[in-house]
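Engineer: A predicted structure for the sequence below; I have some questions about it.
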Amino acid sequence: MNEFKRTAQSPRIAYAEKGQGETVIFLHGIGGNRRNWDGELRHFGRTCRAVAMDFRGYGDSDAIEDGFEFTDFVSDVTRVLDAMGVRKAHVVGLSMGGLVAQALYSRVPERVMSLSLVACRAADEPMLPPVRREAFIRERLEPLRMGGSEALAVSLAPKLLGSTASPEARDQVMDSLRKVRPEAYFKIMEARMRVAPMLDPGTVRVPTLVVGSDEDQVAPLEQMRALAAAIQGARLKEIRGAGHLINLEKPQEFQLALENFLTGLKGR
């Protein structure tokens, strides 16, 4: 699934789509790209218009310019929707993509039909204290500074994967991390650490699915349970035996959970 399009406006945002019907757009994490969602495009493209995009600085999208702020990713999503002529979409975000999904809802709720928040933090969390923020940045950026994307992949992949991850899942994660652009990753990580609370989960008024896993070291299951409890009427799905990248490690379980959620919304 290598075919993709780009939006016309700069920065040009790359996206791939498959199928027809209601639009489901998939948003990747900080070490990912649109190819992380190839399985979901194949699966959901049979019944929906499934879309996966590269945020600016990733994959086949344009580079990140100076002055970048985390919420610029919201513009990337709306730019793709506008290019497709889509007014509203079901929004699925994993990790950083889940935070972008919440930011999108906070700014343009009229563009969001539903939210699926996977292995992510809540958008009302305060900025990390300086000591924790510096430690987090150092853990992520030091390998990249010292050895580039290969060092990042070797250092980070074990922390993202569960204990029973398949060789295929490990290969996908390593390949994704190796494609990270160092200059973009530095800017994104720094901008993410500056993100202030942007959405009270209690104000979300669209159907919401929250997905967590029991071996996630980045977004622990307790964190996802708390997020689900804070959103009125949210459905929580717990997937066992997976780490942070749930859709790559447990694709069938993840796709079934999302499919059941979306199917239940038809006719509403």
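Structural biologist: Happy to help now that I have it.

Engineer: Ramachandran angles for the nearest residue to Pro11 once chain neighbours are set aside?
Structural biologist: Sequence neighbours aside, Asp62 is the residue nearest to Pro11 in space, at 3.7 Å (criterion: C-beta to C-beta, 6 or more residues apart in numbering). C-beta here means a position set from N, CA and C on the backbone, and glycine is covered the same way. Backbone torsions for Asp62, taken as degrees, to the nearest 10, come to phi -70, psi 160.

Engineer: What is the neighbour count of Asp62?
Structural biologist: Neighbourhood size, Asp62 [other C-beta atoms under 10 Å]: 18.

Engineer: Now do the contacts for it.
Structural biologist: Ser10, Pro11, Arg12, Ile13, Arg56 (C-beta atoms under 8 Å, 6 or more residues apart in numbering).

Engineer: Please repeat the previous calculation with a cut-off of 6 Å.
Structural biologist: Counting by C-beta atoms under 6 Å, 6 or more residues apart in numbering, Asp62 touches Pro11, Arg12, Arg56.

Engineer: Pick the one among those residues closest to Phe26.
Structural biologist: Arg56 (16.3 Å; C-beta to C-beta).

Engineer: Need the phi and psi values for Gln13.
Structural biologist: If you look again at residue 13, you'll see it is Ile, not Gln. The phi/psi pair for Ile13 (degrees, to the nearest 10) is phi -110, psi 130.

Engineer: Check whether it really touches Arg79, as I assumed.
Structural biologist: Yes - in this structure, Ile13 is within contact of Arg79 by C-beta atoms under 6 Å, at 5.4 Å.

Engineer: between the two, which one's more packed in?
Structural biologist: Ile13 (28 against 21).

Engineer: for the stretch 1-150 of the chain, what spans make up the strands?
Structural biologist: 5-6, 14-18, 23-27, 49-53, 89-94, 112-118 (DSSP state E, counting those that start in this stretch).

Engineer: Please read the previous query as pertaining to the stretch 151-268 of the chain.
Structural biologist: With DSSP E, counting those that start in this stretch as the criterion, the stretch 151-268 of the chain has strands spanning 208-213, 235-239.

Engineer: how many neighbours does Met174 have?
Structural biologist: 17.

Engineer: can I assume it is in contact with Ala153?
Structural biologist: Yes - counting by C-beta under 6 Å, Ala153 is a contact partner of Met174 at 4.9 Å.
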